[in-house]
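>>> next input, structure requested:
(3 chains)
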Amino acid sequence: MPELPEVETVVRELRPLLQGKMIRTIEAVWPKTFENRCTRELAGQRIREVARKGKYIVLRLEQSDLVIHLRMTGQLALNTSLTRPLNHIRLIIHFDDGEQLLFNDTRKFGRVYHVCQAREILQRIGKDGLDPQWSDEEFYQMLQNHSVGIKSFLMSQKYISGLGNIYTDESLFRAAVHPLRLSSSLSRKEAQRLFESIRFILTQGVKNMGSTISDYRDAYGNPGKNQYYFKVYGREGQPCLICGTPIEKIKAAGRSTRFCPKCQPLR
DNA sequence: CCATGTACCTGAAGGC
DNA sequence: TGCCTTCAGGTACATG
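Next up, the predicted model:
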């Protein structure tokens, strides 16, 4: 479910609600959801900062960090800021003011890691898709240096982080790049256009507060609005909004992949 | 290095 | 109404 725009939406909403809160205990209702990789005491620590890299959420505490990944169906919400109740709560962070941060997750894939340094986890993924430090040239060089399908390049998280199945397909469509192209086969100009497309698609996703297909809800329980802007995702069989050719669905990098065969030629 | 398959889970949707 | 299969915003790990 949640890709960069959905995670960013949740982070922006939670930041003012969580900053300064003191942890009393963590209750792992579904034990596998929680992985404790740091022996420092959690109880008594305050949340100093709520941050994000790629699809990871980071709660920076005073002596250690909590790193959260929502995977497919994870959802975070403060018990006091929800209108409707959650039915698959897997973990609860209890604060000393009596409030609780709820981790709801139907499919149980989501994880909360307690680590001494968030870096232990985050160093293994590439720069965030919306990181201002990116340059066209750096992106182009990365494409050149790896001989992988462009879809799997964008999805891997180790080159650029935050893109998932939806935003990858939308970015490739905007850039007119076929999902089966080889990363190293993109010209400098194509790479530049793809990079611009990724930034545009992610920024638009954030503006629209994420995409809701079925499960995704923000920290207040509200759906996103970005699904109304999809040009290829979920539109297989329907006419391309540019040329009218039916959108196709294939398998790429092991995932369903939508694209316009005319606008995104393989060459 | 790279591609593919499987595992982890639940629930919705489609075919018969 | 079942029952069975397939599919889903993700990632880690095993296997050629």
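>>> give me the pLDDT for whichever residue of chain A sits closest to DNA strand C.
Checking chain A residue by residue against DNA strand C with C-beta to the nearest atom of the strand singles out residue A:164 as nearest, at 1.9 Å. (Glycine included, C-beta is placed from N, CA and C.) Per-residue pLDDT puts residue A:164 at 97.
>>> for it, give its distance to DNA strand B.
14 Å (C-beta to the nearest atom of the strand, to the nearest Å).
>>> ok, now which ones touch that residue?
Shown in contact with residue A:164 (C-beta atoms under 8 Å, 6 or more residues apart in numbering): A:2-4, A:55, A:155.
>>> mind listing which of those are in helices?
A:4, A:155 (DSSP state H).
>>> residue A:83 - how many residues pack around it?
Taking other C-beta atoms under 10 Å as the criterion, the count of residues near residue A:83 is 8.
>>> that one: what's it in contact with?
A:220-221.
>>> okay, and it sits in which element?
Assigned by DSSP states H and E, residue A:83 belongs to neither a helix nor a strand.
>>> what about stretch A:133-153, near DNA strand B?
Yes: for stretch A:133-153 and DNA strand B, the contact criterion (C-beta under 7 Å from any atom of the strand) is met by A:146-149, A:152.
>>> what's in contact with that stretch?
Applying C-beta under 8 Å, 6+ apart, the external contacts of stretch A:133-153 come out as A:127, A:156, A:159-160, A:168, A:172, A:177-184, A:186, A:188, A:191-192, A:194-195, A:252-253, A:255, A:257.
>>> same thing but at 7 Å, please
Here stretch A:133-153 makes contact (C-beta atoms under 7 Å, 6 or more residues apart in numbering) with A:127, A:159, A:168, A:172, A:177, A:179-184, A:186, A:188, A:191-192, A:195, A:252-253, A:257.
>>> so where do the strands sit in chain A?
With DSSP state E, the ranges of strands along chain A come out as A:23-28, A:34-36, A:47-53, A:56-61, A:65-69, A:74-78, A:89-95, A:100-105, A:111-115, A:127-128, A:160-161, A:248-252, A:255-259.
>>> report the beta-bridge partners for residue A:239.
residue A:246 (DSSP bridges).
>>> local confidence estimate at it?
96.
>>> count of neighbours near it?
Other residues close to residue A:239 by other C-beta under 10 Å number 12.
>>> and it, how close does it get to residue A:165?
22 Å (C-beta to C-beta, to the nearest Å).
>>> what's stretch A:179-197 in contact with?
Residues contacting stretch A:179-197 (C-beta under 7 Å, 6+ apart): A:136, A:139-140, A:143-144, A:146-151, A:153, A:171-172, A:174-175, A:177, A:252, A:257, A:259, A:266.
>>> sorry, wrong one. I was asking about stretch A:60-75.
Contacts with stretch A:60-75, where a contact means C-beta under 7 Å, 6+ apart, come from A:1-2, A:7, A:38, A:40, A:45-49, A:51, A:55-59, A:86, A:103-107, A:109-118, A:121, A:215, A:217.
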